[in-house]
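K.L.:
here are the coordinates; sequence isn't available:
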């Protein structure tokens, strides 16, 4: 059973709570805590040694990644993070120096985005290090973005370049908070998600939540240099396009907006964020499912890539 | 290095953030998110298999304990929890039935206190199960209680009975949210904490935060039946008083209030909460340190108990 299937099963039938605007199933939970004109935004995430980082990964980079993943979810909601709490699971005889370097990385990113670290717990996790981070923040009610609002005819956009993140970017990425805030302030963003599982998989979350389909243009997918390089690594390496669709941990934004806004968005973005590519990669369709178009025609895409023509 | 020393070292020198009212070092963080007359309250905690519960502990009880610990921290701040997010660390081939039963326990407690579960993540933690829970809520600004306000002359109170929690109560305890709200609404509670490490250790946190000392009356310490029974278990068993002071995981309230309020508090509590004992166990002193008074006189108390007379 996949993670999101399990969680959706477990959280089904939860009693309605008057404060809940968006619960499980979106990047962040949205809550009405009585802040005038704003929702409170709430999200948790964890990274584990041997899964999300290695025992010899620089601890500063582990801290950056652990907090960066949560901030990337705030970006997907066009929200502003305010404060975070950290739980560290550590072996019994942990190295204090490792923890200090972890906090150095955490704090550098937290300070950059003015996120206050307001609580820390440590617990014993004998076999491996684990970092669990929760953050809260706010978003203007009329600017909050979820996964549910994509409409047929919308243009689909992706920031940055995709694939090959494991070469290093998964530890050093910049959460797209600034870009997301700019989008929400200047345009009607219909739906947004951050790319953690890969374009094919994360776009499907948006399509499921919005009850629509999508068509991606193969040549428009922004493939990273690392994905191209790694594809040459030899047998068994993914073709670059498949890497861009399925590698995951890109932590870029994927969003849908009215096609009439496509040119203003692309032009505005280019002048605001000259260092970050923005690509219009396709469109939302009434027809369900995810398809990719190349010079041979249209074919379905699975979470693992797409089926080749025989 | 003890956990709280490490965390206090790591969080020293964090840049001041305008939204932070209380950061690391209290039971919960208090934040100004712009809610009229209220602070937002934020807390995280985790339980780990083999540390806080056993592989064969009933999963429903694990869920109860995991969320109950966080709610107990909300009680210590006299706050109302609103929503929680859950991160589960699970072995690769985890049993879905175990997770479902865990959620059953979690949800029963959450529903009872009208706490919405608004997010769930799962991650791989290959060797053991781990449950990390964060919650947010609110507290009226003028009713919020911290560890810092105890004053010389204050009376010290403890709810319930202490010691021997491992016999079962650590899995079934009721977080004292109702009692704490009642206290904050009717009295000036100067300082409060929930008893997770044991009276000796947790009282010291209050004394350190409030820069005062305290004197406990030995005969006033409410010793649980389990602590008395276990003391008869044979050699090496703790004497009942030491168990009550140091066992931990009582999840009862310890608070300080003006001595003039002692009788109204005790009388009011008895009529409001006839099923929960409230004991006045001592007083706050100007003289630093923690001491216990018995028929032989006054002696210092350490986190591990007290020194016997030679």
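P.N.:
Cool, the structure landed. Fair warning: this is a prediction, and the values are worked out from it, not measured in the lab.

K.L.:
for whichever residue of the stretch 201-310 of chain A sits closest to chain B, give me phi and psi.
P.N.:
The shortest separation between the stretch 201-310 of chain A and chain B is 13.7 Å, found at residue A:249 (distances taken as CB to the nearest CB). Placement of C-beta: from N, CA and C, glycine included. Note on residue A:249: its backbone torsions stand at phi 60, psi 30 [degrees, to the nearest 10].

K.L.:
I'd say it and residue A:168 touch.
P.N.:
No - between residue A:249 and residue A:168 no contact is recorded; they are 10.8 Å apart, counting by CB atoms under 8 Å.

K.L.:
between these two, point out the one with more neighbours.
P.N.:
residue A:249 (20 against 11; other CB atoms under 10 Å in any protein chain shown).

K.L.:
residue ranges of the helices in chain A, please?
P.N.:
Assigned helices in chain A, in chain order: A:3-10, A:59-76, A:96-112, A:169-172, A:177-186, A:199-210, A:225-231, A:240-246, A:262-272 (criterion: DSSP state H).

K.L.:
nearest to residue B:237 among those would be which one?
P.N.:
With respect to residue B:237, and counting by CB to CB, the nearest of the helices of chain A is helix A:96-112 at 34.4 Å.

K.L.:
now do the buried residues in that closest one.
P.N.:
Residues of helix A:96-112 classed as buried under the neighbour-count rule (16 or more other CB atoms under 10 Å in any protein chain shown) are A:99, A:101-103, A:105-107, A:109-110.

K.L.:
try stretch A:196-210
P.N.:
Of the residues in stretch A:196-210, those with enough neighbours to count as buried (16+ other CB under 10 Å) are A:196-207, A:209-210.

K.L.:
how about stretch A:72-90?
P.N.:
Along stretch A:72-90, the positions that meet the burial threshold by neighbour count (16+ other CB under 10 Å) are A:72-90.

K.L.:
dump the residue contacts of the most centrally placed residue in chain A.
P.N.:
Chain A has residue A:194 as the residue nearest its centroid, 2.3 Å off, counting by CA atoms, centre = their mean. For residue A:194, the residues meeting the contact criterion (CB atoms under 8 Å, 6 or more residues apart in numbering or on different chains) are A:27, A:72-73, A:75-76, A:175-176, A:202, A:251-254.

K.L.:
biggest separation within those, which pair?
P.N.:
Every pair in those was compared (CB to CB); the two farthest apart turn out to be A:175 and A:202, at 15.2 Å.

K.L.:
read off the pLDDT value for residue A:14.
P.N.:
Per-residue confidence for residue A:14 comes out at a pLDDT of 63.

K.L.:
meant to ask about residue A:94
P.N.:
Value listed for residue A:94 in the pLDDT field: 91.

K.L.:
from chain B, how far out is it?
P.N.:
Shown here: residue A:94 relative to chain B, a distance of 9 Å by CB to the nearest CB, to the nearest Å.

K.L.:
any idea how far chain B is from the closest residue to that residue other than its chain neighbours?
P.N.:
Nearest residue to residue A:94 in three dimensions, chain neighbours excluded: residue A:129, at 7.7 Å (CB to CB, 6 or more residues apart in numbering or on different chains). Plainly put, residue A:129 is 10 Å away from chain B if you go by CB to the nearest CB.

K.L.:
so which of the buried residues of stretch A:72-90 are in strands?
P.N.:
In strands, defined here by DSSP state E, the members of those are A:80-90.

K.L.:
as TSV, the residues you listed with distance to residue B:68 would be great.
P.N.:
TSV is the format used below for those (distance: CB to CB, whole Å):
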residue	distance to residue B:68
A:80	32
A:81	28
A:82	27
A:83	23
A:84	23
A:85	18
A:86	21
A:87	16
A:88	21
A:89	20
A:90	23
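
K.L.:
ok, of these, which one's closest to residue A:286?
P.N.:
residue A:80 (34.4 Å).

K.L.:
you'd agree that closest one is up against residue A:139?
P.N.:
Yes - taking contacts as CB under 8 Å, residue A:80 lies within contact range of residue A:139: 6.8 Å.

K.L.:
residue A:53: neighbouring residues, count only.
P.N.:
Around residue A:53 there are 21 other residues, counting by other CB under 10 Å.

K.L.:
isn't it right up against residue A:60?
P.N.:
No - applying CB under 8 Å as the test, residue A:53 and residue A:60 come out as separate, 11.2 Å apart.

K.L.:
which residues touch whatever residue of the stretch 151-300 of chain A ends up closest to chain B?
P.N.:
Among all residues of the stretch 151-300 of chain A, residue A:196 sits closest to chain B, at 10.9 Å; criterion: CB to the nearest CB. With contact set as CB under 8 Å, 6+ apart, residue A:196 has these partners: A:69, A:72, A:202, A:248-251.

K.L.:
can you list those in a markdown table and add distance to residue A:276 and pLDDT?
P.N.:
Written out in a markdown table, the entries for the contacts of residue A:196 read as follows (distance: CB to CB, whole Å; pLDDT from 0 to 100):
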| residue | distance to residue A:276 | pLDDT |
| --- | --- | --- |
| A:69 | 18 | 97 |
| A:72 | 14 | 98 |
| A:202 | 18 | 95 |
| A:248 | 19 | 94 |
| A:249 | 17 | 96 |
| A:250 | 12 | 97 |
| A:251 | 12 | 97 |
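
K.L.:
which of those residues lies closest to residue A:125?
P.N.:
residue A:69 (18.5 Å).

K.L.:
got any ranges where the stretch 1-150 of chain A has weak pLDDT?
P.N.:
Per-residue confidence of the stretch 1-150 of chain A (counting by pLDDT under 70) places the weak regions at A:1-5, A:7-8, A:12-15.

K.L.:
could you spell out which stretches of chain A belong to which domain?
P.N.:
Domain ranges of chain A: A:14-143, A:155-304, per automatic domain parsing.

K.L.:
which one of those domains has the most crowded surroundings?
P.N.:
Of all the domains of chain A, domain A:14-143 has the most neighbours on average by mean count of other CB atoms under 10 Å in any protein chain shown, namely a mean of 21.

K.L.:
and that one, how far from the chain's centre?
P.N.:
With CA atoms, centre = their mean, to the nearest Å as the basis, the distance from the averaged C-alpha position of domain A:14-143 to the chain average is 13 Å.

K.L.:
next one: stretch A:289-305
P.N.:
Stretch A:289-305 has its average C-alpha position 22 Å from the chain's average C-alpha position, going by CA atoms, centre = their mean.

K.L.:
for that stretch, the averaged confidence score.
P.N.:
Mean pLDDT, stretch A:289-305: 88.

K.L.:
quick one: contacts of that stretch?
P.N.:
Contacts of stretch A:289-305 (CB under 8 Å, 6+ apart): A:197-198, A:200-201, A:203-204, A:207, A:213-219, A:238, A:242, A:245-246, A:282, A:285, A:306-307, A:309.

K.L.:
ditto for stretch A:177-189
P.N.:
Taking contacts as CB under 8 Å, 6+ apart, the residues outside stretch A:177-189 that touch it are A:71, A:74-78, A:80-81, A:113, A:139-140, A:143-145, A:159, A:192, A:253, A:255-258, A:261, A:264-265, A:268-269, A:272-273, A:276.

K.L.:
can you check stretch A:54-71 too?
P.N.:
The set of residues that contact stretch A:54-71 without belonging to it, under CB under 8 Å, 6+ apart, is A:43-47, A:49, A:52-53, A:81, A:84, A:98-99, A:101-110, A:113, A:115, A:129, A:131, A:133-135, A:170-175, A:177, A:196, A:251.
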